[in-house]
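Novice: Return atomic coordinates for the entry below.
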Amino acid sequence: MMMKKEEDDFIDLVFSWSIPDLMNQHLYKDKVNPIPDTFTSAQHYLNSFIDPLIEETHADLHSSLMSLHSAPLCEISDVKKDKKFNPPKNLVYSIKTLKKADQKARTTYEPECGDLFALTEVRPKCVDDLNGRQMSYVIALVGGVDDEASVISILSSKPIVFDKADEEKGEKGSPLFAVYLVNLTTNRRIWKALHPDEGANLRIIKSVLQVYPSTKEKCPICSFKIQIMTAIAAAADVHGLNDSQREAVLDSLALAQCSHRNTVKLLWGPPGTGKTKTVATLVSALLKTRHRTLACAPTNVAIIGVAKRLMTCLVGRNSIPGYGFGDVILFGNGKRMKIDEHKELHDVFLDHRVSVLATCFAPITGWNGSLNEMINLLEDPTGQYQKYLAEQNGESDDEEDASKPSSGLLSWFWRKLIIQDVKEMKEKGKLEKKKKMVTRPKKEESTEHWTFEEFVTNTFIAVRDRLIVCEAGLCTHLPTSYLSLEILKKMIEALDMLRLYETRLHIKPGTGNERWFEQPSVRSGNATLFKIRLQILSLECLNGLRFLREKFQVPLLQDYFAIKQFCLQNACLIFCTVSSSAKLHTEGMKPIELVIIDEAAQLKECESCIPLQLNGIRHAILVGDEKQLPAMVISKICEKAGFGRSLFERLVMLGHGKHLLNIQYRMHPSISLFPNKEFYANKISDGPNVTGKVYEMRFLKEKMFGSYSFINVTHGKEEFDSRHSRKNVAEVSVVAQIVSRLKCISSKQKVRVGCLSPYKGQVFAIQEALGKTYSSDPKHVFSVTVRTVDGFQGGEEDVIIISTVRCNGNGSVGFLDNHNRTNVALTRARYCLWIIGNSSTLLNSGSVWQKLVINAKNRGCFYNAYEDVDLSMAVGNALIELRQLDSLFSMDSVLFKVAKWKVCFTREFHQSITRYRDLGILKELVALLVKLSNGWRQKKKVETGEDTCQLLELCDVRGPLKLIWTVDILREDSTDTQVIKILDILPHSEIAEMAQKLNAMSENYTVSQMNRCLCKQTDGDLMVPMTWPVDVKAGSGYSSSELATQLAAIGLRDEPAGSFTTRRNSNSTWNFRKNGREDSSRKWNHHG
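Specialist: Take a look at the predicted model:
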């Protein structure tokens, strides 16, 4: 585990931090200075990032220690000193972990290279647990992982004391756990880039120390003729681009031709402007002009996106499928890339390429060996058979002959197993295993010898198939500089001749076809015309094969690393992450001329130093959008110092020119309208595809769910979850309800939905609410992705639902105020963008969200959640979970904002409802109240006993529970209106007494009073309230005091605020409540 001195210094520093050091958030506060906008020298530039990098690493470790309770861990089964162990500094150990099945860890951890973990004797729940009873913690860095042997090489900060269990002696030993903290790979690479070797390539870095806006972007020395020639060369690739994209490609190609100065070019790609397509077209053109180029990005997702787009450009470019792919390489961590999910990239993925070429380069079973074997077989089949017999009889122990086929079934084996399974071979060990499977069994394993005809026939088929497999592998994976098109065509011709030869002979085991392999001189005397033609064909096959042997030989490489270096050295176009480009800093690596950094605005400037110092780099093209989110920074100190700022952003700030891609093809115009005006000064035009009728997608028929809308949720409550992140349960319910409705229409059309929120707490809450009901696979008819806004940068979906979470009285919106984050959130949707939030909070925020709400209102895109019955119920269910029952069961409740009937509640009802903790009962009650308020009535009458009261209405809730209500009259604004009055919720056994009291009271009603309460008006199947103008001439006969007197016996009267008696008292009262308080602003009358 050898490291260079610079890396040693960084690791030594990390190892030196004690627990108190790591817990001290201000340890480097006085050492971190703001990063300047301009620099005096390359050394000044590089030094400016060193202390911020240390502080960021320190903050990352501090954050990990604060969440030890949920950190992944694994149990160690063995610890041994490595052969490189050399104290006091090189404390290198080899450790083994328990198998997954034997571990009881909360989150099984599989160490990876670059991981920093703590070795402890307990499963830590907090920092104090790191200091065990017998042993203090030890920090260790993973240097290498041998998956097959399950051995991990680590560098330890201190000697490791490990008491291994001894089953034979019955000794349990001491447990030892590896607790994951952070991965230091990228930071170590940045550290190395900030401490370059003498003679390092600093040309690009020196060109960006300062910016002079007056400097012309195009080289004045390069002739116009070169630019025209470049444009012509790229013409075939740019026909599908718009003017701004085409100009960006051609200017970049002209830049690649320049050898007079070092330049950094900025391509500004706002959301949906075809940035990936432009970059893919550019690298495709560069591939044509054979400029050795590195295309990188901060994330695997971004670089895979560009690589996949390039592959669509390459397919069909050459007449021979796959030829030319060998000039392109994608490399990185296959597991993190999820490369198995991207089958179209297997042909350019380095690990897969090395596996295939290792098979083709094998000295015996590869191309060279198989070619020689076929030539020998055609030239002298008898001599080859004699060798076979000699070997079978033990006369030859030559291991090279062990590659002869074991049976005629090898034809099937090579075609099916090798062609298909070779894509799965990621490691050399697996290749060796496959190699052994195709070798002929040794003498002692073989029971019978082949006959001459069996030997000839089976060997021909097997070797022919190996050549076919090798030709396919070499065609796809060898660079064109090594395998010319002329040689490849000769390969194909030779293999076609072998196929024709087999067809003419109808070669099958046991048919005696071996005589046709004999030379023409042997049977020329009595050969028929047919035989002569076959023999001529045999000679033609031999001539073709001999030509290939003379003109083309595959490299004699067997070592995995050597093949890997061969591929990297000869590739014209290399894809990887910015961090992984550090692997190209190897001695003897062929220079790279041009580097393209996609999503450059998301990249810390110090990290961009890794590819910008590669040997040979003359120009850099940075592609990005500084209006979107920058790199994430953990340390507040570093954030304040500008550590997260990108080179792209700094250059723009200094006035460096940038080429704008000015047409967006993603968003419906109603979605792009606000962000275009707010963030891009209306510089972006809508593409013809989004302005057409095809983009007018209405997934839900309600007006609220058009292309763009703000949905106001008034009864939400922001709170913190267990992870100390904000959430809003009411908004969660609304989002879940909308997703559920979208799912119902997905059978008619494919829908991809994205649910976004700035807060992780809300993301977790939405994920929990949705459960595993919906697939996140975009290939499914209906898919739902739930992420933070930061985690969705670069993504897009058909429908985006944003939950803003914040709901408070002072307009505080926290980091929601960030313009970059807002821009990302608002530009992810294709057809529909629905924003869920509390308008009052956002309007009082004074932020960009205030402008957004005002804009939505002015455009007629503002809606209240309560305008939709399902959404109002969703909010109601959320209020139940929050136990906000007073606001839920009130006349001003969100449930009844747009209902046909007004609903009021008695104090007795509120007292009863607080006794129920079953959320199911409360939610069923909410559903029942919503139906009642909209005119539904239970058809089956619930019996109350012998003395049935005409005024009493009952509805089933659950089991014996009944909702007790009546129709009353509300006088308001000189109008009497029927309203629903909810009296109580009781078990069936307690209803009879109330019915008797109501019945007794009704005997005192006048006919007019009773009639108005019992009067019914229908609208279709629904019951609607009736209204009457107040008869002023009626005088005191219609006052509320009369009703109060009549209802005194059973408590149906208003009571002065603060008075209250229990329901079972004969003098009890029901007080009507508004928002949880007695409401005396309305007069309630039963009158004629």
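Novice: contacts, neighbours, all on C-alpha from now
Specialist: Will do.
Novice: any idea how far the closest residue to residue 914 other than its chain neighbours is from residue 865?
Specialist: With CA to CA, 6 or more residues apart in numbering as the criterion, residue 914 has its nearest non-adjacent residue at 7.7 Å, and that residue is residue 885. Residue 885 sits at a distance of 19 Å from residue 865 (criterion: CA to CA, to the nearest Å).
Novice: Look at the two and report which has more neighbours.
Specialist: residue 865 (27 against 19; other CA atoms under 10 Å).
Novice: wait, what's in contact with residue 313?
Specialist: Going by CA atoms under 8 Å, 6 or more residues apart in numbering, residue 313 touches 280, 281, 284.
Novice: Retrieve the pLDDT associated with the residue nearest to residue 914.
Specialist: On the pLDDT scale, residue 885 is placed at 89.
Novice: Now do the strands in the stretch 851-1000 of the chain.
Specialist: 862-864, 903-905, 953-958, 961-972, 975-987 (DSSP state E, counting those that start in this stretch).
Novice: nearest to residue 757, of these?
Specialist: Residue 757 sits nearest to strand 862-864 of all the strands of the stretch 851-1000 of the chain, at 19.4 Å, using CA to CA.
Novice: Packing partners of that closest one?
Specialist: Under the contact definition 3 or more CA pairs under 8 Å, 6 or more residues apart in numbering; DSSP states H and E, strand 862-864 sits against strand 708-712.
Novice: helices and strands around the strand it packs on, which ones?
Specialist: Against strand 708-712 (3+ CA pairs under 8 Å, 6+ apart) you get strand 829-837, helix 848-858, strand 862-864.
Novice: Mind doing that once more with 10 Å?
Specialist: helix 669-680, helix 729-745, strand 797-803, strand 829-837, helix 839-843, helix 848-858, strand 862-864 (3 or more CA pairs under 10 Å, 6 or more residues apart in numbering; DSSP states H and E).
Novice: Mean pLDDT and distance to residue 242 for those - can I get that in JSON lines?
Specialist: Formatted as JSON lines, the helices and strands packed on strand 708-712 follow (pLDDT from 0 to 100; distance: least, CA to CA, whole Å):
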{"stretch": "helix 669-680", "mean pLDDT": "98", "distance to residue 242": "18"}
{"stretch": "helix 729-745", "mean pLDDT": "94", "distance to residue 242": "35"}
{"stretch": "strand 797-803", "mean pLDDT": "97", "distance to residue 242": "23"}
{"stretch": "strand 829-837", "mean pLDDT": "97", "distance to residue 242": "20"}
{"stretch": "helix 839-843", "mean pLDDT": "96", "distance to residue 242": "38"}
{"stretch": "helix 848-858", "mean pLDDT": "97", "distance to residue 242": "31"}
{"stretch": "strand 862-864", "mean pLDDT": "97", "distance to residue 242": "35"}
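Novice: Would you tell me which of these gets closest to residue 108?
Specialist: Closest approach to residue 108 among the helices and strands packed on strand 708-712 (CA to CA): helix 729-745, 30.4 Å.
Novice: Tell me the spacing between the closest residue to residue 985 other than its chain neighbours and residue 955.
Specialist: Nearest residue to residue 985, sequence neighbours excluded (CA to CA, 6+ apart): residue 963, at 4.6 Å. Distance from residue 963 to residue 955, counting by CA to CA: 5 Å.
Novice: any shared contact partners between the two?
Specialist: By CA atoms under 10 Å, 6 or more residues apart in numbering, residue 963 and residue 955 have these common neighbours: 925, 928, 929, 985.
Novice: got the buried residues for stretch 465-472?
Specialist: Using 16 or more other CA atoms under 10 Å as the burial criterion, the residues of stretch 465-472 that qualify are 465, 466, 467, 468, 469, 470, 471, 472.
Novice: should've said stretch 195-215
Specialist: Residues of stretch 195-215 classed as buried by neighbour count (16+ other CA under 10 Å): 195, 196, 201, 202, 203, 204, 205, 206, 208, 209, 210, 211.
Novice: Only alpha carbons, please: show it as CSV.
Specialist: The C-alpha trace of stretch 195-215 is given here as CSV (Å, rounded to 0.1, in the frame of the first residue of the first chain):
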residue,chain,number,x,y,z
HIS,A,195,0.6,19.6,-4.6
PRO,A,196,1.7,18.9,-8.2
ASP,A,197,5.0,17.4,-9.1
GLU,A,198,7.7,19.5,-10.5
GLY,A,199,7.2,20.0,-14.2
ALA,A,200,3.4,19.4,-14.0
ASN,A,201,1.2,20.8,-16.7
LEU,A,202,-0.1,24.1,-15.2
ARG,A,203,-0.8,25.8,-18.6
ILE,A,204,-4.6,25.9,-18.2
ILE,A,205,-4.4,26.9,-14.5
LYS,A,206,-2.1,29.8,-15.4
SER,A,207,-4.6,30.9,-18.1
VAL,A,208,-7.5,31.3,-15.5
LEU,A,209,-5.6,33.1,-12.7
GLN,A,210,-7.2,36.3,-14.0
VAL,A,211,-9.6,37.2,-16.7
TYR,A,212,-9.4,40.1,-19.1
PRO,A,213,-12.9,40.5,-20.8
SER,A,214,-11.3,42.5,-23.6
THR,A,215,-9.3,39.4,-24.7
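Novice: that older thread, which of the contacts of residue 313 lies closest to residue 860?
Specialist: Using CA to CA, residue 280 comes nearest to residue 860 of the contacts of residue 313, at 40.1 Å.
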